[in-house]
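*Asks:* following is a predicted model, sequence given first.
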2 protein chains.
Amino acid sequence: MASNAIPSETQRAKLERKERVILDAARAIFVDHGFDGARMQEIARRAGIGEGTVYSYYESKAELMLAVLQQFWDGLTLEAEGVMASVEATDLFARLEALARYHLNTVIVNADFINLTFALRRNNSEVSVSRDHLRHYVAVFDRLFLRGQDRGELRADAVLWQARDIFYGSLEYSARSIETTMEADRSTREQLPVVDEMVALFRAHYGATGNPVIVDEVGLATRLDKLAAQIDTLSRCLPRP
Amino acid sequence: MASNAIPSETQRAKLERKERVILDAARAIFVDHGFDGARMQEIARRAGIGEGTVYSYYESKAELMLAVLQQFWDGLTLEAEGVMASVEATDLFARLEALARYHLNTVIVNADFINLTFALRRNNSEVSVSRDHLRHYVAVFDRLFLRGQDRGELRADAVLWQARDIFYGSLEYSARSIETTMEADRSTREQLPVVDEMVALFRAHYGATGNPVIVDEVGLATRLDKLAAQIDTLSRCLPRP
DNA sequence: CGACAATATCGAGTGCTATTCAATTAGCCT
DNA sequence: AGGCTAATTGAATAGCACTCGATATTGTCG
């Protein structure tokens, strides 16, 4: 694969370009036909190269698929970090909500890839690599959670990996439910409640108990009603301006 | 497959017995070698029949695998129901804990089968059947949850499928974490905290508080602040009574 | 520029398996 | 027994990932 002699820069660039071409072709074919349904011949044809050439870039079909998945998850990681960066709110739960919303939407939109990722879980040897990329992806959550603990917004005795499993496990299952129950218009309709639920759950279970955050909803509602009535009364007493 | 003429009872029994023999052999081979690694020849040999005969009982390798999985999940369903029946406590959360403990342990012990189940998610056509059996399995949780709502132990406005996804999604991810982080002694050591966490979470988030309706606290607080400001303004405009 | 070396590409072959099917056997009824 | 149907078999088929010797391309040095 890699030559002993150092190839010129243009040469290396050419190889990398071809690598990308193969990867793109593979990506398209895998998404269209799944792992087993994809034929190496078709991938090669789509990439515009011979079948054997593919094997001088990737050892096997499984490894090719793995490369596709790595590219995919790396992209997701960048996007997730971007989402976190773009949320100006410093409130932990607002950021958690943004992450949950992004993740849920991503999992639904890219269901093909998610399924492919888990389909590869058959071959033991290559799973580990894929798992590294998952780890990298979920690190976004980890950072958020740890910072929340540092700031005292979250219970200090909460266990990170358990919270992480709850977060991503629930969202993945929810995504599947949403997919199957509502085929069409899965873009925004029924997702919001799921995310709200998740955030509320984290607030209720992981939120620091001693926190100044409002807890008594009924009290709030009562106060709200009283205020509304007050305003009503006041408004009527006002002279026309 | 099924004959038009009604075979004698012994004949039917014989066929069913052979079906079971094939299923058992397939189960063993699939667990040992995974889906791709399993060879139909070996399954046939283990069942003590010719290779072609398998195909007069099951259309294809995938369908054979599916039958194995169905048998597996049906067994789990029975076991889960047994667990529920054996818990004498009527307390909802005690029963929930028993179910969680059973499920987590099962998922860890039978990780092979769980992975095989999801590995089949490649072939679209056959997924549905598998999904029915999953539905049947999770119905145990559904009944528990609905009864909890009926009795007022759980919030009435909780959405069943969301709670279900949180329950099983979290447990599956936790199981995977437990598997990978602690190879040995995954029997009892680190499982308990996960289950406790899950039950505590359900208690905190889904347990009926005294109030009938839960509202979005942040939204309420915002409205409250706005109203207060409004009142302030209005008050200043008012003539002294 | 031309020849040689190194490297990249190709696609027809190889090997491995799921699946089929024509031939054979076993079961059952009169 | 003999004939009929259904079950069984395993050798043949077919499809696909992967290999490998032949060929083309690129790079280098005189």
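*Replies:* Looks like it arrived, so ask away.
*Asks:* separation between residue A:111 and DNA strand C?
*Replies:* 25 Å (CB to the nearest atom of the strand, to the nearest Å). Glycine gets a C-beta too; all of them are placed from N, C-alpha and C.
*Asks:* which residues does residue A:134 contact?
*Replies:* Residues in contact with residue A:134 (CB atoms under 8 Å, 6 or more residues apart in numbering or on different chains) are A:73, A:117.
*Asks:* rerun that using 7 Å as the cut-off
*Replies:* Applying CB atoms under 7 Å, 6 or more residues apart in numbering or on different chains to residue A:134 gives the contacts residue A:73.
*Asks:* buried residues, the helix or strand that contains it. List them.
*Replies:* Residue A:134 is part of helix A:124-150 when elements are defined by DSSP states H and E. Within helix A:124-150, the residues scored as buried using 16 or more other CB atoms under 10 Å in any protein chain shown are A:126-127, A:130, A:133, A:137-138, A:140-141, A:144-145, A:148-149.
*Asks:* heading C-terminal from that helix, find the next helix or strand.
*Replies:* helix A:160-181.
*Asks:* show the subsequent helix or strand relative to that next one.
*Replies:* helix A:191-206.
*Asks:* would that next one count as contacting chain B?
*Replies:* Yes. Residues of helix A:191-206 contacting chain B under CB under 7 Å from any CB of the partner chain: A:193-194, A:197, A:200-201, A:204-205.
*Asks:* just stretch A:148-156 next, same as before
*Replies:* No. Stretch A:148-156 does not reach chain B (CB under 7 Å from any CB); its nearest approach is 10.8 Å.
*Asks:* mind exporting the C-alpha coordinates of that stretch to CSV?
*Replies:* Extracted in CSV, the C-alpha atoms of stretch A:148-156 (Å, rounded to 0.1, in the frame of the first residue of the first chain):
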residue,chain,number,x,y,z
GLY,A,148,-22.0,20.2,34.7
GLN,A,149,-20.8,18.2,37.7
ASP,A,150,-17.9,20.6,38.2
ARG,A,151,-20.2,23.6,38.2
GLY,A,152,-22.5,21.9,40.7
GLU,A,153,-25.4,21.8,38.3
LEU,A,154,-25.4,18.0,38.4
ARG,A,155,-25.2,15.6,41.3
ALA,A,156,-21.6,15.0,42.1
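*Asks:* now what about it, what contacts it?
*Replies:* A:92, A:145, A:158, A:206-208, A:211.
*Asks:* same thing but at 6 Å, please
*Replies:* A:92, A:206, A:208 (CB atoms under 6 Å, 6 or more residues apart in numbering or on different chains).
*Asks:* please apply the same query to stretch A:194-214.
*Replies:* Contacts of stretch A:194-214 with the rest of the structure, by CB under 6 Å, 6+ apart, involve A:93, A:96-97, A:100-101, A:152-155, A:158, A:174, B:162, B:201, B:204-205, B:217, B:221.
*Asks:* redo the buried residues of helix A:124-150 as JSON lines? Include distance to DNA strand D.
*Replies:* Output for these, formatted as JSON lines (distance: CB to the nearest atom of the strand, whole Å):
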{"residue": "A:126", "distance to DNA strand D": "11"}
{"residue": "A:127", "distance to DNA strand D": "16"}
{"residue": "A:130", "distance to DNA strand D": "16"}
{"residue": "A:133", "distance to DNA strand D": "21"}
{"residue": "A:137", "distance to DNA strand D": "26"}
{"residue": "A:138", "distance to DNA strand D": "29"}
{"residue": "A:140", "distance to DNA strand D": "33"}
{"residue": "A:141", "distance to DNA strand D": "34"}
{"residue": "A:144", "distance to DNA strand D": "39"}
{"residue": "A:145", "distance to DNA strand D": "39"}
{"residue": "A:148", "distance to DNA strand D": "45"}
{"residue": "A:149", "distance to DNA strand D": "45"}
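*Asks:* which stretch of helix or strand covers the residue nearest in space to the middle of chain A?
*Replies:* In chain A, the residue lying closest to the centroid (CA atoms, centre = their mean) is residue A:103, at 3.3 Å. Taking DSSP H and E as the criterion, residue A:103 maps to helix A:92-109.
*Asks:* buried residues in that helix, which are they?
*Replies:* Those would be A:92-93, A:95-108, for helix A:92-109 by 16+ other CB under 10 Å.
*Asks:* rounded mean pLDDT for that helix, please.
*Replies:* Here helix A:92-109 scores 95 as its mean pLDDT.
*Asks:* for stretch A:181-191, same thing?
*Replies:* Mean per-residue pLDDT for stretch A:181-191: 63.
*Asks:* show me how chain A divides into domains.
*Replies:* Annotated domains of chain A cover A:7-58, A:66-233 [automatic domain parsing].
*Asks:* lowest average pLDDT across the ones you listed?
*Replies:* Among the domains of chain A, domain A:66-233 has the lowest mean pLDDT, at a mean of 84.
*Asks:* list the contacts for residue A:19?
*Replies:* residue A:57.
*Asks:* got the buried residues for the helix or strand containing it?
*Replies:* Counting by DSSP H and E, the element that carries residue A:19 is helix A:9-37. Residues of helix A:9-37 classed as buried by neighbour count (16+ other CB under 10 Å): A:22-23, A:25-30, A:34-35.
*Asks:* just put these in a markdown table and tack on distance to residue A:13.
*Replies:* Converted to a markdown table, these look like this (distance: CB to CB, whole Å):
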| residue | distance to residue A:13 |
| --- | --- |
| A:22 | 15 |
| A:23 | 15 |
| A:25 | 19 |
| A:26 | 20 |
| A:27 | 21 |
| A:28 | 23 |
| A:29 | 25 |
| A:30 | 26 |
| A:34 | 32 |
| A:35 | 30 |
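*Asks:* ok, the helix holding residue A:19 near DNA strand C or not?
*Replies:* Yes. Counting by CB under 7 Å from any atom of the strand, contacts between helix A:9-37 and DNA strand C involve A:15, A:18.
*Asks:* do whichever helix or strand comes after that helix and DNA strand D meet?
*Replies:* Where DSSP H and E defines the elements, the next helix or strand beyond helix A:9-37 is helix A:40-47. Yes. In terms of CB under 7 Å from any atom of the strand, part of helix A:40-47 sits within range of DNA strand D, namely A:40-41.
*Asks:* remind me what helix A:40-47 packs against, helices and strands.
*Replies:* helix A:9-37, helix A:51-57 (3 or more CB pairs under 6 Å, 6 or more residues apart in numbering or on different chains; DSSP states H and E).
*Asks:* swap the cut-off to 10 Å and go again
*Replies:* helix A:9-37, helix A:51-57, helix A:61-86 (3 or more CB pairs under 10 Å, 6 or more residues apart in numbering or on different chains; DSSP states H and E).
*Asks:* circling back: quick one: list the elements packing against the helix holding residue A:103.
*Replies:* Where contact means 3+ CB pairs under 10 Å, 6+ apart, helix A:92-109 is packed against helix A:61-86, helix A:111-119, helix A:124-150, helix A:160-181, helix A:191-206.
*Asks:* now it against helix A:111-119, angle please.
*Replies:* Here the directions of helix A:92-109 and helix A:111-119 differ by 90 degrees (axes from the mean of the first three to the mean of the last three CA atoms, to 10 degrees).
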